[in-house]
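Visitor: Using only what follows, build the 3D model:
(chains A and B)
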Amino acid sequence: MSNVFAIARREFQGYFNSLIAYVFLVIYLLLTNWLFFRVFFLNGQANMRLMFDIIPWVFLFFVPAITMRLWAEEKKIGTMELLMTLPVKDGEAVLGKFTAALGLLGLALALTFPLPVIVSTVGNLDWGPVFGGYLGSILIGAAYLSIGVFISSLTENQIVAFILSVVGIFALYMIGSDIVVFSLPSSMAPIMEYLSLGTHFESIGRGVIDLRDIVYYLSVIVFFLYLNVRSIESRKWR
Amino acid sequence: MIEVRNCVKRFGPTVAVRDISFSVPKGEVLGLLGPNGAGKTTTMRILTCYMPADEGSVSVAGFDVNTESIEVRKRIGYLPENAPLYKEMYAQTFLDFLARVRGIPPERRKSRMDDIIDICGLGDVLHKRIGEMSKGYQQRVGLAQTLIHDPDVLILDEPTTGLDPNQIKEIRNLIKEIGREKTVILSTHILPEVQATTNRVLIMSHGRLVADGAPDELARQTKGTDSLIVQVRGPIETIRDRYSSIEGVSNLELLETEDEYHKIELLVSNKTTSAEKVFETTVKEGWTLRELHSESRSLEEVFYELTVGEREEQ
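Guide: This next block holds a predicted model:
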């Protein structure tokens, strides 16, 4: 466990040392605030739906941006060999990197907290859906991250990792959408809807937290972290 | 300390390591020598648990690299080829990270880091990003990284590549210093390096082990192949004839002729007595001598013979 923490700590510092964290946080907050306030005053409703509804789309680009380097860079500059010969299990390394990325994403979300506070001063804000929304955001964000970190381990090119992650996450998000479901045999529809990252977020975005959604996101995370461990191990049988 | 038995490693159709066996006792500094692509790095990667061997058994300090990999890694300090490091990190935070991963308890972390910084001479660059340091300092950070947990075994893959002569000397001294207490394996394709730093040499070629012994011992095996380089002016046929009949000269080769001077290489059994005889003969015949020196065909020759011979055999 201390290894996971040490690696997470290093990666988290790395985000700040290489300025990625600052760029990420500034752009993320500017974008979120702008998209929110652009509509908020026209809308005149004291809730945070506006912010949470766009989270899957904002994360679609922001998450791959913070995961693309995690393995690809290690492979490119050769530190992979250093890391993988330290007394660290492959799983610990994967978990450490994932935790660091989750930390940065969590920080970004936490910094949006002034938004609901402002809303609550101008209107009567129901805090339940707000916390539900944050929980849902961190869950879908973590699921995206697990996919992004995994894809980063498949290449040594960060740009490739970024693009493939965006495509991969988009695909898994869209498979449950109406356009895709209608074009498939009706027997496939429930499966697709269950597997889709998007359908599970809809109810959370409304502020309804269902245990099944939480289980779904946790399963996605575990699945991709497991794939990640396997892909790191693949150096051994190549 | 290190036991390698019948180790084989294949990458698809190519065999990187073919059935090598060796053992390294505690406290030995072993040089792993061979041309590029001989299997040195692969051997080191197997020892450091980066990748497993396909066949054979490898153990370090009594622990098997496959089944007790974490125990092995705890006891090894490894510097991969080209010293890959996290370039955006500061030397201090990098070493701190390693101290944490290496499980050094918090109360000893500070003193351990100070020791290493002292040994590796990193005091001046602690607050610099690793990527901004000179190659020599990066290499030192790489070495510091291998030493932080005071390992029993050090494995250094070409620790001096890309350094300038002064830096090479510094790193070699550092390795020598470290080698007094630890078991060290270092790979290189630079011959003077093994002569300068190691007390045993393994020569690899095409994944095979082709020689094993002390550097001097290996050099002695090729006795009789010392060479003399002579530049002399005179009739070439007579020169050939006279020089060839000198006792101890086994081969004569005309390298080039420049301003009437013939540059000749003689293979001799004893460079001192043969040189004297060459000189006497030259004076007696009344030729003009411009150059006469011996070239020590030491490890370089052993290396060349073993590794090139191997290639022709294939």
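Visitor: in chain B, which spans are helices?
Guide: Along chain B, counting by DSSP state H, helices occupy B:40-47, B:69-75, B:91-101, B:106-119, B:135-147, B:165-179, B:191-197, B:215-221, B:236-244, B:271-285, B:299-313.
Visitor: Send me the fourth one as CSV with only the CA atoms.
Guide: The C-alpha atoms that make up helix B:106-119 are tabulated as CSV, following Å, rounded to 0.1, in the frame of the first residue of the first chain:
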residue,chain,number,x,y,z
PRO,B,106,11.0,7.9,7.4
GLU,B,107,13.4,8.5,10.3
ARG,B,108,16.3,7.2,8.3
ARG,B,109,15.3,8.7,4.9
LYS,B,110,17.1,12.0,5.5
SER,B,111,20.4,10.6,6.7
ARG,B,112,20.4,8.0,3.9
MET,B,113,19.8,10.6,1.3
ASP,B,114,22.5,12.8,2.7
ASP,B,115,25.0,10.0,2.5
ILE,B,116,24.1,9.2,-1.1
ILE,B,117,24.2,12.8,-2.1
ASP,B,118,27.6,13.0,-0.6
ILE,B,119,29.0,9.8,-2.2
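Visitor: what's the average pLDDT for it?
Guide: Confidence for helix B:106-119, expressed as mean pLDDT, is 90.
Visitor: give me every residue that touches B:I20.
Guide: B:4, B:6-7, B:39, B:43, B:204, B:207-209 (C-beta atoms under 8 Å, 6 or more residues apart in numbering or on different chains). The C-beta positions use only the backbone N, C-alpha and C, and glycine is treated the same way.
Visitor: any idea how far it lies from A:G148?
Guide: Distance, B:I20 to A:G148, by C-beta to C-beta, to the nearest Å: 41 Å.
Visitor: Check B:Y50 too.
Guide: Distance, B:Y50 to A:G148, by C-beta to C-beta: 25 Å.
Visitor: Looking at these two, which one has more neighbours?
Guide: A:G148 (27 against 23; other C-beta atoms under 10 Å in any protein chain shown).
Visitor: from chain A, which residue is nearest to chain B?
Guide: At 3.3 Å from chain B, A:G78 is the closest residue in chain A, using C-beta to the nearest C-beta.
Visitor: got the contact list for B:P151?
Guide: Contacts for B:P151 (C-beta under 8 Å, 6+ apart) come out as B:74-77, B:182.
Visitor: and what of B:K128?
Guide: Contacts for B:K128 were tallied using C-beta under 8 Å, 6+ apart; they are B:90-91, B:137.
Visitor: Format the residues you listed as JSON lines; extra columns: pLDDT and distance to chain A.
Guide: Formatted as JSON lines, these follow (pLDDT from 0 to 100; distance: C-beta to the nearest C-beta, whole Å):
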{"residue": "B:Y90", "pLDDT": "91", "distance to chain A": "7"}
{"residue": "B:A91", "pLDDT": "91", "distance to chain A": "12"}
{"residue": "B:Y137", "pLDDT": "89", "distance to chain A": "17"}
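Visitor: any idea which of these has the most stuff around it?
Guide: In terms of neighbour count, B:A91 stands highest of those at 26 neighbours, by other C-beta under 10 Å.
Visitor: Please name the nearest non-neighbouring residue to the residue of the stretch 51-200 of chain B found nearest chain A.
Guide: Closest to chain A within the stretch 51-200 of chain B is B:P84: 3.3 Å, counting by C-beta to the nearest C-beta. With sequence-adjacent residues excluded and distances taken as C-beta to C-beta, 6 or more residues apart in numbering or on different chains, B:P84 is closest to A:G78, at 3.3 Å.
Visitor: Return the distance of A:Y173 relative to A:S146.
Guide: Note on A:Y173: its distance to A:S146, by C-beta to C-beta, is 14 Å.
Visitor: Share the number of residues neighbouring residue 181, please.
Guide: Going with chain A. The local packing of A:V181 (other C-beta under 10 Å) involves 19 other residues.
Visitor: Let me rephrase: I mean chain B.
Guide: 11.
Visitor: how close does it sit to B:L147?
Guide: The value you get for B:E181 to B:L147, if C-beta to C-beta is used, is 11 Å.
Visitor: since we're on B:E256, how many residues are nearby?
Guide: Neighbour number of B:E256 under other C-beta under 10 Å is 9.
Visitor: remind me, longest helix of chain A?
Guide: When chain A is parsed with DSSP H, its longest helix is helix A:49-77.
Visitor: Quick one: list the elements packing against it.
Guide: helix A:20-43, helix A:79-83, helix A:90-110, helix A:127-152, helix A:158-174, helix A:197-205 (3 or more C-beta pairs under 8 Å, 6 or more residues apart in numbering or on different chains; DSSP states H and E).
Visitor: Return the residues in contact with the residue most central in space within chain A.
Guide: Using C-alpha atoms, centre = their mean, the residue of chain A that lies closest to the mean C-alpha position is A:G141, 2.6 Å off. For A:G141, the contacting residues are A:55, A:59, A:63, A:102, A:105, A:109, by C-beta under 8 Å, 6+ apart.
Visitor: Let me have these in JSON lines, adding distance to A:S234 as columns.
Guide: Converted to JSON lines, the contacts of A:G141 look like this (distance: C-beta to C-beta, whole Å):
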{"residue": "A:I55", "distance to A:S234": "33"}
{"residue": "A:F59", "distance to A:S234": "28"}
{"residue": "A:V63", "distance to A:S234": "24"}
{"residue": "A:L102", "distance to A:S234": "24"}
{"residue": "A:L105", "distance to A:S234": "27"}
{"residue": "A:L109", "distance to A:S234": "33"}
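Visitor: what ranges of the chain fall below the confidence cut-off?
Guide: I went with chain A, as the question did not name one. A:205, A:207, A:238 (pLDDT under 70).
Visitor: look at chain B instead
Guide: For chain B, residues meeting the criterion pLDDT under 70 lie at B:219-225, B:296-302, B:304-314.
Visitor: ok, so what distance separates the residue nearest the centre of it from A:A46?
Guide: Nearest to the mean C-alpha position of chain B, by C-alpha atoms, centre = their mean, lies B:T188 at 3.6 Å. The gap separating B:T188 from A:A46 is 71 Å, by C-beta to C-beta.
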